[in-house]
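Undergrad: Need a 3D model of the following:
(one chain, ligands or ions: 1)
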Amino acid sequence: MPPSHPFDDDKLREECGVFGVVGVQDASTFVALGLHALQHRGQEAGGIVSHDPLLGFNQARRFGYVRDSFTSQKIMETLPGPISIGHVRYSTSGSKGQTALRDVQPFFGEFSMGGAAIAHNGNITNANALRRELIERGSIFQSSSDSECIIHLMARSLQRNIPERMEDALRRVEGAFSVVAMTQTKLIGVRDPLGVRPLVLGKIGDGWALSSETCALDIIGAEYVREIEPGEMVVIDDDGVESRFPFRPRKSRFCIFEHVYFSRPDSILGGRSVYETRENIGRELAKESPVDADLVCPVPDSGTPAAIGFSLESGIPYAMGIIRNQYMGRTFIEPTEQIRNMGVRLKLNVNRALIRNKRVILVDDSVVRGTTSRKIKEMILDAGAKEVHFRIASPPTAWPCFYGVDTPQREKLLAATMTEEEMCKHLAVDSLKFISLDGLYRAVGQANGRDSENPQYCDACFSGEYPVEPADMLEQGFQLKPAAE
Ligand code: SF4
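TA: Numbering: from 1, shown residues only. Sure, this is the predicted structure:
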C-alpha cells in the first residue's frame, strides 16, 4: 500500500500499528489482514507471532509491505493456531530508517510460567535510563528498540503470571504505549494512563480482536465493541474479556494529530468518524481564514476531507487540481539522482486545464519542513494559476513528538523558526493560514475549544506542552518551552 501522502519525507510519520486476534482458527491470517489495513501506520517492516497448542510459538518478521510477505502460503503455514498478534513499523527509537530485522516486533520472551510476545505502538520516554539499569543488572538486549525494555522488566518481575508481570513492567515505563501481547492462551491489550495512542476492541465470531484502528476490524469482518480506556488492561481468553486498571488514574490526553492525519479516514476515534472530523477541520479553517478564490483543491490524499469541508463552508467549488499517481512505488525513484529529483512530478501532476487562470486554495494537513509546500506551489504556478493560497488543517508544527511519531529535530521544523507571516514569505504564496489550536479542538468536538489549564488532548507538537516529560530527550539536551513563552 502506498503511503497516504505523496511526500512522505516531509510529513510526520506514525511509527507503528498493532493487531491481535484470539479464539478463531488460523488467527494469523486475520492478523495479516489487519496489519494490511494498518499499513499506513508503518511501512518498513512487519511481524507476526502465533501460538498453536501442539506446535507452540512461531514467528515471522519481514521487511516491506504486509502484502509482499504475509500473503505467501509458505509463510502463513508457519504461523498456525487460534491466537496471534502482529505489528507494522516505520521505526521506533534506535535505528531510524535503517531497521535491522532484530528490531522488528513482536518481541518474544520465555518466562518460567511460559512464553509471551508483545507488540508496542508508542514510545517509551525513559527508555535510556531503563535500558542502562537493566543492562547493569544483567539483561542482554537483542535489539535497539525501546520496546524491548518491557520484556526485560517482565523477566525481572516476581509476579506469578504474565499479565501481572506486564502490569509491573508497564508501571516502570513512562511515555506513550498501546500494547498488544499474547501468552499461550491469552490476548492482552494495554493503553498508557494518558491514552496517547489508540487501541480498540472488536468481536469476531466467538473470538476477539485488538487493533490500533477500527478500519482493521472492518477488513476482517469484526464488530467494533469499544475503545480500550486510557490506563486499562484487558486480558482476553475463552472466559471472555477481563478489564483491569493497573495504573494511577490520570486525565486522558489522546493524540490530537490522529484526528488530523495519522488515522485512516474510515476509522472511528472517540466515537467520531475521522473523515467527518477532518471535514469539520476544513469548515473551521474556512470560518477562521476565508479568502476570495475560484477553486479549493486538496493536496492528495490526506488533505481531501478538509478541502471538502472548506469548500462546503465557503461555497467555493471543490476540484481535483492535483492528481496523484496511485502506482508510484518507492523503488522506482531510487536508481539515479536525476530521477530522484523528478520525485514530485512523478508522484503528482497538476490538472492544468482546471488550474489555468484560477485563484487556487490548496488545503494540506500540515507543514513540517515546508519543502513539499514550496514544490507544490511551483507546480501550481507553472500550470498558470493566478494566485495560490495555502490553508493548513493543523496548527503550526513547532515541536517534535516524543510519543511514537517520527519528527525531524526541532530546528528542521519550519514553524519552529518562523512566524506564520515569515513562512508565507518563505513559501512565496499569496496567503498562508493554519487552523488555530482552538479551532482544531472545536473540530474534534470540544465546543469551547482548548482548555488551557487542562488540555483535553496531547497537542505537544503544536503547543510545546508535553503531557509526559521526555526524560531521555532532556538528558540529550532538548530544551522545553520556557513557562512564559
Ligand atoms: S506530540 Fe503531536 S503527534 Fe505526538 S502524540 Fe502529541 S499530538 Fe500526537
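
Undergrad: Indicate whether stretch 392-412 makes contact with the ligand.
TA: Yes: interface with the ligand: stretch 392-412 contributes 401, 403, 405 (C-beta under 6 Å from any ligand atom). For the C-beta atoms, the positions are set from N, CA and C on the backbone; glycine is no exception.

Undergrad: Kindly apply the preceding question to stretch 221-241 instead.
TA: No: with C-beta under 6 Å from any ligand atom as the measure, stretch 221-241 is seen stopping short of the ligand, the closest distance being 13.0 Å.

Undergrad: Start and end of that stretch, how far apart?
TA: End-to-end span of stretch 221-241 (C-alpha to C-alpha, to the nearest Å): 19 Å.

Undergrad: in that stretch, what's buried?
TA: Buried residues in stretch 221-241, counted by 16 or more other C-beta atoms under 10 Å: 222, 224, 227-237, 241.

Undergrad: With pLDDT added, can I get these in TSV?
TA: Written out in TSV, the entries for the buried residues of stretch 221-241 read as follows (pLDDT from 0 to 100):
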residue	pLDDT
222	98
224	98
227	98
228	98
229	98
230	98
231	98
232	98
233	98
234	98
235	98
236	98
237	97
241	98
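
Undergrad: Identify, from those residues, the entry nearest to residue 412.
TA: Within those, distances to residue 412 taken as C-beta to C-beta reach their minimum at residue 230, with 31.0 Å.

Undergrad: count of residues packed around the closest residue to the closest one other than its chain neighbours?
TA: Excluding its sequence neighbours, the residue lying closest to residue 230 (C-beta to C-beta, 6 or more residues apart in numbering) is residue 195, at 2.7 Å. When counting by other C-beta atoms under 10 Å, one arrives at 25 neighbours for residue 195.

Undergrad: is it true that residue 195 touches residue 245?
TA: No: here residue 195 lies out of contact with residue 245, judged by C-beta atoms under 8 Å, at a distance of 11.9 Å.

Undergrad: what is in contact with those two at once?
TA: Counting by C-beta atoms under 8 Å, 6 or more residues apart in numbering, the common neighbours of residue 195 and residue 245 are 229, 231.

Undergrad: ok, back up a step: give me the subset of the buried residues of stretch 221-241 lying in strands.
TA: Using DSSP state E, the members of those that fall in strands are 224, 227, 233, 234, 235, 236, 237, 241.

Undergrad: Isn't residue 85 up against residue 49?
TA: Yes: taking C-beta under 8 Å as the definition, residue 85 is a contact partner of residue 49 at 5.7 Å.

Undergrad: between these two, which one's more packed in?
TA: residue 85 (33 against 30).

Undergrad: Doesn't that one belong to a strand?
TA: Yes: when the secondary structure is assigned by DSSP: H, G, I helix; E, B strand; the rest coil, residue 85 falls within a strand.

Undergrad: got the residues of the protein near the ligand?
TA: Listed as neighbours of the ligand in the chain under the rule C-beta under 6 Å from any ligand atom: 196, 255, 256, 257, 401, 403, 405, 458, 459, 460, 461.

Undergrad: low-confidence ranges in the protein?
TA: Applying pLDDT under 70 to the chain picks out residues 1-9, 14, 91-99, 327-344, 484-485.
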